[in-house]
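Trainee: structure for the following, please:
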Amino acid sequence: MPTPIAHSLVSLTLSDARPEGTHLIKWATFWVILGNFADFDFLPGILLGAPGRFHHGFTHSILFAVVLSVVAYHVYPLIFRRRVSFWVFLSVTGSHLFLDCLTLDTASPFGLPLFWPFSQAYFRFPFSLFLNVERAMSLRILLSWHNFLAISLEIVLTLPFLVGVWFVRNGRRLRREREGLPSN
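Mentor: Just a heads-up that it's a prediction; the model follows:
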């Protein structure tokens with residue numbers, strides 16, 4: 001599975017444009033947490049000293065992504081005073097599953113339980129775009145050369161999309177401002 005860096009960059013890419021007057025950090029934090037939420041299944045394992053023990057469980061299913069999207073769809077307007085299409089939330093939560101399926105998986109069970117609870121089968125793509133990340137309760141392993149390469153590859157593959165979306169969004173805003181039109 002990719003690191004939170006790749007999940008965060010893709011989440012921000014797929015998110016709705018930041019509403020005017022909204023604090024950037026608050027807005028970005030919402031989308032980053034939403035895009036990484038499936039990996040909160042690491043927390044019980046970390047507390048028990050085995051980080052991957054509960055990883056790739058039900059939080060990595062399509063059903064969980066849909067339920068999380070429904071919750072986010074209803075919470076977002078309470079925080080930002082603005083409605084966003086449900087499909088934006090589903091694309092962000094679903095991107096987590098998509099990226100994980102594109103990652104070299106070296107720990108059993110291989111893949112994700114995409115159709116949980118209807119099927120216990122694990123699925124993954126037959127090819128990998130991202131490298132696996134070595135996880136352990138050791139700083140030496142977390143800061144390894146392999147993990148540095150994996151993170152670098154994630155950034156190279158995902159950051160250009162975020163930058164492209166940023167230029168498109170800001171280009172539209174600047175064009176509207178030059179023409180004297182409202183921002184939204």
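Trainee: what's the first helix or strand after the lowest-mean-pLDDT helix or strand in the chain?
Mentor: For the chain, counting by mean pLDDT, DSSP states H and E, helix 139-142 ranks last in confidence among helices and strands (a mean of 66). Later in the chain than helix 139-142, the nearest helix or strand by DSSP states H and E is helix 145-179.
Trainee: which parts of this structure are strands?
Mentor: For the chain, no strands turn up when DSSP state E is the criterion.
Trainee: mind listing the helices for it?
Mentor: Ranges of helices in the chain, per DSSP state H, are 4-14, 24-36, 42-48, 62-80, 86-101, 139-142, 145-179.
Trainee: dump the ones you listed into JSON lines; add mean neighbour count and distance to residue 124 as well.
Mentor: From N, CA and C alone the C-beta is placed, and that goes for glycine too. Formatted as JSON lines, these follow (neighbours: other CB atoms under 10 Å; distance: least, CB to CB, whole Å):
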{"stretch": "helix 4-14", "mean neighbour count": "22", "distance to residue 124": "16"}
{"stretch": "helix 24-36", "mean neighbour count": "17", "distance to residue 124": "19"}
{"stretch": "helix 42-48", "mean neighbour count": "13", "distance to residue 124": "19"}
{"stretch": "helix 62-80", "mean neighbour count": "16", "distance to residue 124": "14"}
{"stretch": "helix 86-101", "mean neighbour count": "20", "distance to residue 124": "5"}
{"stretch": "helix 139-142", "mean neighbour count": "10", "distance to residue 124": "23"}
{"stretch": "helix 145-179", "mean neighbour count": "13", "distance to residue 124": "17"}
